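Novice: Structure for the following, please:
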Amino acid sequence: MALFPQTLKTILDARGWAQKDACEAFHLSTATISQYLAGGRSPEKKQLAQILAALTEPERAALQIAIMRDTIPAPEFRNLVLLTDATESARVREEAEESWRRIPLPEDVRRAVEILVQSAKTDPDVAALIIACAAVIPQPPV
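Specialist: The predicted model follows:
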């Protein structure tokens with residue numbers, strides 16, 4: 001199940017926005033917002049930029065994480081936590097970073113990961129959001 005539609009709906013609900021409000025803020029059509037919320041379509045780079053521009057940093061982080069969760073395999077997503085955890089050893093962080101380099105990600109997703117990692121190092125709310133998202137991923141079978 002895709003997280004992007006759920007996360008977008010959560011953000012709209014938290015703001016008290018109807019689809020019409022989102023359309024105005026994001027400069028997108030009602031049909032486009034409706035498709036995003038139904039999970040029938042994901043935003044292209046330009047539309048995603050329009051959406052992100054209208055959101056707060058924590059909201060942007062939540063939406064970007066949802067897109068990453070929809071794109072990146074769960075075990076590799078868990079390694080994102082290690083990249084943002086300053087308490088981990090340098091070796092552990094290097095191993096996590098290397099695991100990210102091996103994943104064939106679209107360039108915009110790779111850039112989003114880099115931005116989130118940097119934000120998480122300075123913003124505890126973003127780091128907590130990443131950890132919370134990673135925590136709900138089921139553990140792989142042993």
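
Novice: What residue spans form the domains of the protein?
Specialist: As assigned by automatic domain parsing, the chain contains the domains 1-54, 56-142.

Novice: Turn those into JSON lines, columns for mean neighbour count and mean pLDDT.
Specialist: Every C-beta, even on glycine, is put in place using the N, C-alpha and C of the backbone. Listed next are the domains of the chain as JSON lines, based on neighbours: other C-beta atoms under 10 Å; pLDDT from 0 to 100:
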{"stretch": "domain 1-54", "mean neighbour count": "15", "mean pLDDT": "93"}
{"stretch": "domain 56-142", "mean neighbour count": "15", "mean pLDDT": "71"}
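
Novice: Please identify which helix or strand holds residue 58.
Specialist: For residue 58, the enclosing helix or strand under DSSP states H and E is helix 57-71.

Novice: and if you look at residue 51?
Specialist: helix 45-53.

Novice: next one: that helix to chain centre, how far?
Specialist: 13 Å (C-alpha atoms, centre = their mean, to the nearest Å).

Novice: Equivalent analysis for stretch 27-43, please.
Specialist: That offset, for stretch 27-43, works out to 17 Å (C-alpha atoms, centre = their mean).

Novice: okay, how far is it across that stretch, tip to tip?
Specialist: 13 Å (C-alpha to C-alpha, to the nearest Å).

Novice: Fine by me, thanks again.
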